[in-house]
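>>> what's the 3D shape of this:
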Amino acid sequence: MKLSIIIPVYNVEQYLDACLQSILKQGLEDYEVILVDDCSPDKSGAMCDDWSNQHKEFRVLHSKVNGGLSEARNIGLRHASGEYVTFVDSDDYLANNTLRDNVLLLERNPGVDILEYPVYVLYGGKRAFKFIPANETISFPEWISSKGYMCSYACNKIYKRSLWDRHCFPKGKNMEDLFTIPYV
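Purely as a prediction, here's the structure:
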């Protein structure tokens, strides 16, 4: 398995189809999608089951209790079998072929541990902020000095799965990405 795509799901029935349709438009061949239903009170869990029944690459894990975003991601990580792993929030979507193009880039550069790609961030308003990472390989000290931590989103990166063997997302914290990504 080349890539595991982990998607935590909670109360997103109005966004979930668009998110999962965008996953199908990634042009990937060797991948799995792990949908972690975090006891969603709406129809999201049933929607995950429907997607899983229609697409062999999709798998659903239903949490027994609502553990929050961090725990849903951690559950997905424990079940991921890919050489690489990425996270997609269930109310987000990806441009066509984003993951395929980045996986090909990783294959051409096997020494890269984390690939960070551009993302538009829209916080409920009409203006989007476009984050564009450096177009180069940089070390952790360079990343820190260039304030890379300012955009420590979990979702715009592809990671070697092995990087997560000693790390997980902290339960019960807001902005859990900032407590995790710099360490990974």
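>>> I'd like the distance between the residue nearest the centre of the chain and Q14.
Most central residue of the chain, judged by C-alpha distance to the mean C-alpha position with Cα atoms, centre = their mean, is F87 at 0.8 Å. F87 sits 20 Å away from Q14, going by Cβ to Cβ, to the nearest Å. The C-beta positions use only the backbone N, C-alpha and C, and glycine is treated the same way.
>>> Please apply the same query to H167.
Counting by Cβ to Cβ, the separation of H167 from Q14 is 32 Å.
>>> what about these two, which has more around it?
Taking H167 and Q14 together and counting by other Cβ atoms under 10 Å, H167 has the greater number of neighbours (14 against 11).
>>> Can you give the strand pairings for the one helix or strand V33 maps to, parallel or anti for each?
Assigning secondary structure by DSSP states H and E places V33 in strand 31-37. With DSSP bridges as the test, strand 31-37 is paired with strand 3-9 (parallel), strand 58-62 (parallel).
>>> And the helix or strand that the first one is followed by, what's buried?
In this case it means strand 3-9. Beyond strand 3-9 on the C-terminal side, the first helix or strand identified by DSSP H and E is helix 16-24. Neighbour counts using 16 or more other Cβ atoms under 10 Å place L16, C19, L20, S22, I23 of helix 16-24 among the buried residues.
>>> Surely the second one touches D91?
Yes - in this structure, C19 sits in contact with D91. The criterion is Cβ atoms under 8 Å, and the distance is 6.9 Å.
>>> any shared contact partners between those two?
Contact criterion Cβ atoms under 8 Å, 6 or more residues apart in numbering; residues shared by C19 and D91: V12.
>>> pull the helix or strand with minimum mean pLDDT from this protein.
Lowest mean confidence among the helices and strands of the chain (mean pLDDT, DSSP states H and E): strand 129-131, at a mean of 54.
>>> ranges for the helices of the chain?
16-24, 44-54, 68-79, 98-108, 140-145 (DSSP state H).
>>> who wins for proximity to A154 among those helices?
helix 68-79 (7.1 Å; Cβ to Cβ).
>>> buried sites along stretch 81-94?
Of the residues in stretch 81-94, those buried under the neighbour-count criterion (16+ other Cβ under 10 Å) are G82, E83, Y84, V85, T86, F87, V88, D89, S90, D92, Y93, L94.
>>> can you give me the end-to-end distance of that stretch?
Using Cα to Cα, to the nearest Å, one end of stretch 81-94 lies 22 Å from the other.
>>> need the contact list for the closest residue to V65 other than its chain neighbours.
Among residues not flanking V65 along the chain, C39 sits closest, at 6.2 Å (Cβ to Cβ, 6 or more residues apart in numbering). With contact set as Cβ under 8 Å, 6+ apart, C39 has these partners: Y10, G45, H62, S63, K64, V65, N66.
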